[in-house]
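A.B. asks: What follows is a predicted structure for the sequence shown.
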Amino acid sequence: MLEIYMVVGFMLAAYSIIANDAIQTLGTFISSNSNRPWWILWLFASSVLVVVLLYGWYSSTTGDASYGRLEKIPFPEEGLTWLYIVPPIVILILTRFSIPVSTTFLVLTIFAPSNLGSMLVKSLMGYAVAFVAAILLFRFVIRGLTEHFDRTAGQPAPGYWIILQWLATAFLWSQWLIQDLANIFVYAPRQVTADWMIFAVVTFVALLGVIFYHSGGAIQRIVTSKTGTRDIRAATIIDFIYALVLLVFKEWSNMPMSTTWVFLGLLAGREFAIAMHMFNPSVHDTAKIVRSDAAKAGLGLAISVLLALGLPWFYSVIS
């Protein structure tokens, strides 16, 4: 039964987390390359995934596929039970309603509730750093570029922007994987065998295919609702800044963090910066969008805490 729960939990976590979180990484890539066949984008993203996954697993020398993110989250001594399967199911449900829930909080707090405080602090720092960095960069450093992108919207971008965007996407996608693979491999043995790794690679590549075939799914609406994310030039800058923030926090510590909050902080700061100097949309309208996204993220956090505290209690009662 333990093995069944491990496989089911791993597959549910892989699908729910890729469907919810990966779009924050690949969403601008999908929206700005909507004119290209989906399978080309899929093959590109899959190749980066396979390289990052196999490199992390092989270079660890201990069979760790999480880049050290599970050092403080041991495999449950009592083994996996049905209560560990609930979080990815909840993520799937929330994703259907376009709620950008933090999969880090929802999944990992069930395994290690004591780490919630540390994960929350690091995630809040990530939101704040991304928000401030986006405002400063888009308001003062690349303001002229933003205005140029707005004036030339709809015109074909020079060829070098395509190369830059694909490079930025590979950089961002790799940084996201390093951060969030722990949310999936938490269901696997801490020393991943070759058989498990083959199973993981096949599962991830297949699920990515589903996501790209459906052009991102429900969470993609959050990306396309933001100013200029269909413009390959703007998307490239967003991806590059996001990747840099994740890289900084990767080097800070191995404690898992919510990449969702970093993503929302980056988009919120960018939207405010654009509203400040272009007045379209207005700061008031931008604030409404940011509050809506923040409220959804807060709802996800509340659900995470409820599950982390309530599920073990409920399980002990019925057992």
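C.D. replies: Perfect, I can see it now.
A.B. asks: CA only for contacts and neighbour counts going forward, please
C.D. replies: Noted.
A.B. asks: Wait, Leu108 touches Leu181, no?
C.D. replies: No - assessed by C-alpha atoms under 8 Å, Leu108 is found out of contact with Leu181, at 11.5 Å.
A.B. asks: Neighbour count for these two, which is higher?
C.D. replies: Leu108 (26 against 21; other C-alpha atoms under 10 Å).
A.B. asks: leaving aside the residues next to it on the chain, what's closest to that one?
C.D. replies: Nearest non-adjacent residue to Leu108, counting by C-alpha to C-alpha, 6 or more residues apart in numbering: Asn183, 6.5 Å away.
A.B. asks: Repeat that for Ser66.
C.D. replies: The nearest residue in space to Ser66 (C-alpha to C-alpha, 6+ apart) is Ala182, at 4.8 Å.
A.B. asks: can you tell me which residues contact the one you found?
C.D. replies: Shown in contact with Ala182 (C-alpha atoms under 8 Å, 6 or more residues apart in numbering): 65-67, 69-70, 256.
A.B. asks: Mark which of these are buried, thanks.
C.D. replies: 65-67, 69-70, 256 (16 or more other C-alpha atoms under 10 Å).
A.B. asks: how about the helices in the stretch 201-319 of the chain?
C.D. replies: Here the stretch 201-319 of the chain has its helices, by DSSP state H, counting those that start in this stretch, at 220-224, 232-252, 259-278, 283-318.
A.B. asks: cool, and the stretch 1-150 of the chain?
C.D. replies: Using DSSP H, counting those that start in this stretch, helices in the stretch 1-150 of the chain cover 2-17, 23-32, 38-59, 86-96, 103-111, 116-136, 143-151.
A.B. asks: Could you count how many residues lie near the closest residue to Ala130 other than its chain neighbours?
C.D. replies: Among residues not flanking Ala130 along the chain, Leu266 sits closest, at 4.7 Å (C-alpha to C-alpha, 6+ apart). Using other C-alpha under 10 Å, Leu266 has 26 neighbouring residues.
A.B. asks: picking that back up, could you dump the contacts of Ala182 to TSV with pLDDT?
C.D. replies: Below are the contacts of Ala182 laid out as TSV (pLDDT from 0 to 100):
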residue	pLDDT
Ala65	90
Ser66	89
Tyr67	89
Arg69	88
Leu70	89
Pro256	85
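A.B. asks: hang on, the earlier thing: now for the helices of the stretch 1-150 of the chain, which one comes closest to Ser215?
C.D. replies: Nearest of the helices of the stretch 1-150 of the chain to Ser215, taken as C-alpha to C-alpha: helix 23-32 at 6.7 Å.
A.B. asks: Run through the neighbouring helices and strands of the closest one.
C.D. replies: Where contact means 3 or more C-alpha pairs under 8 Å, 6 or more residues apart in numbering; DSSP states H and E, helix 23-32 is packed against helix 159-180, helix 220-224, helix 232-252.
A.B. asks: swap the cut-off to 6 Å and go again
C.D. replies: Packing contacts for helix 23-32, counted by 3 or more C-alpha pairs under 6 Å, 6 or more residues apart in numbering; DSSP states H and E, involve no helix or strand.
A.B. asks: Lys120: what's it in contact with?
C.D. replies: Slight slip there: residue 120 is Leu, not Lys. Not one residue lies near Leu120 by C-alpha atoms under 6 Å, 6 or more residues apart in numbering.
A.B. asks: ok, it to Leu247 distance?
C.D. replies: As judged by C-alpha to C-alpha, to the nearest Å, Leu120 and Leu247 stand 18 Å apart.
A.B. asks: Quick check: the gap between Trp261 and Val129.
C.D. replies: 10 Å.
A.B. asks: Looking at those two, which has the bigger crowd around it?
C.D. replies: When Trp261 and Val129 are compared for neighbours, Trp261 comes out ahead with 26 against 17, by other C-alpha under 10 Å.
A.B. asks: And for the residue nearest to the more buried one when sequence neighbours are not counted, the neighbour number?
C.D. replies: Closest residue to Trp261 apart from its sequence neighbours, by C-alpha to C-alpha, 6+ apart: Tyr127 at 5.3 Å. Neighbour count of Tyr127, defined by other C-alpha under 10 Å: 25.
A.B. asks: residues contacting Lys122?
C.D. replies: Lys122 touches Met257, counting by C-alpha under 6 Å, 6+ apart.
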